[in-house]
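In: Sequence and predicted structure are below.
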Amino acid sequence: MRDNNFQSDDLISEGEVRGWVRRKMGWKEAFQTGLVLGVVGFVFTFILHLYYIALNPDLILRGFKVAFGSSLFLTFSGTICFKLVGKKVWEGHQGLDPIDVLKNVLSPIEKMADNLLWSPVRTWKIKTHVRSEGIGTTVDLHDLDVKTGKAVVEVLIAVRNKVGRIRLVTGRGKHSSKEAKMRPAILEMLRKRQLEHNWNMQIGQGSVTLRPRKNKISNGMMFLKFLLFAIPLSIGGFFGFSAIGNGDEISQVVGLVSGAFLAAILASYNE
């Protein structure tokens, strides 16, 4: 049972926003992302070669050639992989100003706050308690009682896909004659409804920052990404480590395993 009577179910339509979605990359963006992978591969391979040759200056040029070749291969294969897989982007509040959204949906809260006992002295107003701050929006719960504070959270959960990142200022109860009530009540509410709002919660001193959480990657997509990355990375690792180890079988095995391991990391990464 929810603790407030404010109904927010009609504030958002699931068809209006999409949240995190997978979007295709253009060739330029895929190349730039693949280039980053290539640079990382170059540095990793070159450092490993320097370690293998014990900094022998006569063999440094060979290591540079091997690392550069691996980098070109990873850049090319990475570009293809990223082009096929795409990336996740946040479309929840695209084209919408979170402040405008909050002004609209929190207006009933403002009316509720007018009826609080202390409203003639300290009144909760949207223009004073809701503001843009950094890369998100801040909603200050000071000057509200616990019931109305929960009503604010109820509204934010309903419009979470429209407003993105939110920082809730809960206070620490320093100015209260008794122990703090607002902060523990809000944190408890957010924790209980974690699955519903799907926010990452970053608890700070007197505030809690809520960041949209990306949907968990499916097993099918993870397997597809693993295959796309594992094939080129394992081949590149095989030949790269083989060149470093002068064709030694152990080096080749290490190269294959390293490529597969890196592919697994890339596949599990929810970008």
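Out: Yes, it's here.
In: After the helix or strand bottoming out on mean pLDDT in the chain, which helix or strand is next?
Out: When the helices and strands of the chain are scored by mean pLDDT, DSSP states H and E, strand 87-90 comes last with a mean of 60. Later in the chain than strand 87-90, the nearest helix or strand by DSSP states H and E is helix 98-105.
In: buried ones in the following helix or strand past that following helix?
Out: Per DSSP H and E, the first helix or strand lying C-terminal to helix 98-105 is helix 107-113. Neighbour-count burial for helix 107-113, counted by 16 or more other C-beta atoms under 10 Å, picks out 109-110, 112-113. Using the backbone N, CA and C atoms, a C-beta is placed for each residue, glycine as well.
In: Then stretch 30-41?
Out: Under the neighbour-count criterion of 16+ other C-beta under 10 Å, stretch 30-41 has 30-31, 33-35, 37-38, 41 buried.
In: circling back: closest one of the buried residues of helix 107-113 to Phe223?
Out: Ile109 (45.9 Å; C-beta to C-beta).
In: That closest one touches Glu154, doesn't it?
Out: No. Judged on C-beta atoms under 8 Å, Ile109 makes no contact with Glu154 at a distance of 9.5 Å.
In: Give the rounded mean pLDDT of stretch 172-180.
Out: Averaging pLDDT along stretch 172-180 yields 60.
In: Setting the sequence-adjacent residues aside, check what's closest to Ile99.
Out: Using C-beta to C-beta, 6 or more residues apart in numbering and skipping residues adjacent in sequence, the residue nearest Ile99 is Ser132, 5.8 Å away.
In: Using PDB, write out the CA atom coordinates for the helix or strand hosting the one you found.
Out: In this assignment (DSSP H and E), Ser132 forms part of strand 130-133. Only the C-alpha atoms of strand 130-133 are listed here, as PDB (Å, rounded to 0.1, in the frame of the first residue of the first chain):
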ATOM      1  CA  VAL A 130      13.300  22.700  -8.400                       C
ATOM      2  CA  ARG A 131      16.300  23.800 -10.500                       C
ATOM      3  CA  SER A 132      18.800  22.600 -13.200                       C
ATOM      4  CA  GLU A 133      22.100  21.700 -11.700                       C
END
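In: The chain should start at 280 in everything you say after this.
Out: Sure, I'll start counting at 280 from here, so that last one is strand 409-412.
In: Name the nearest residue to Ser398, sequence neighbours excluded.
Out: Nearest non-adjacent residue to Ser398 (C-beta to C-beta, 6+ apart): Ala392, at 6.2 Å.
In: Strands along the chain, start to end?
Out: All strands of the chain, identified by DSSP state E, fall at 299-302, 366-369, 409-412, 415-419, 445-448, 478-483, 486-491.
In: can you redo those strands as JSON lines with mean neighbour count and distance to Lys382?
Out: Formatted as JSON lines, the strands of the chain follow (neighbours: other C-beta atoms under 10 Å; distance: least, C-beta to C-beta, whole Å):
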{"stretch": "strand 299-302", "mean neighbour count": "14", "distance to Lys382": "25"}
{"stretch": "strand 366-369", "mean neighbour count": "15", "distance to Lys382": "21"}
{"stretch": "strand 409-412", "mean neighbour count": "15", "distance to Lys382": "7"}
{"stretch": "strand 415-419", "mean neighbour count": "20", "distance to Lys382": "11"}
{"stretch": "strand 445-448", "mean neighbour count": "21", "distance to Lys382": "14"}
{"stretch": "strand 478-483", "mean neighbour count": "14", "distance to Lys382": "21"}
{"stretch": "strand 486-491", "mean neighbour count": "19", "distance to Lys382": "19"}
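In: Confidence-wise, which of those is weakest overall?
Out: The weakest mean pLDDT among the strands of the chain belongs to strand 366-369, with a mean of 60.
In: quick one on the thing from earlier: just give me the closest of the buried residues of stretch 309-320 to Ile465.
Out: Distances from Ile465 to the buried residues of stretch 309-320, taken as C-beta to C-beta, are shortest for Thr312 (38.7 Å).
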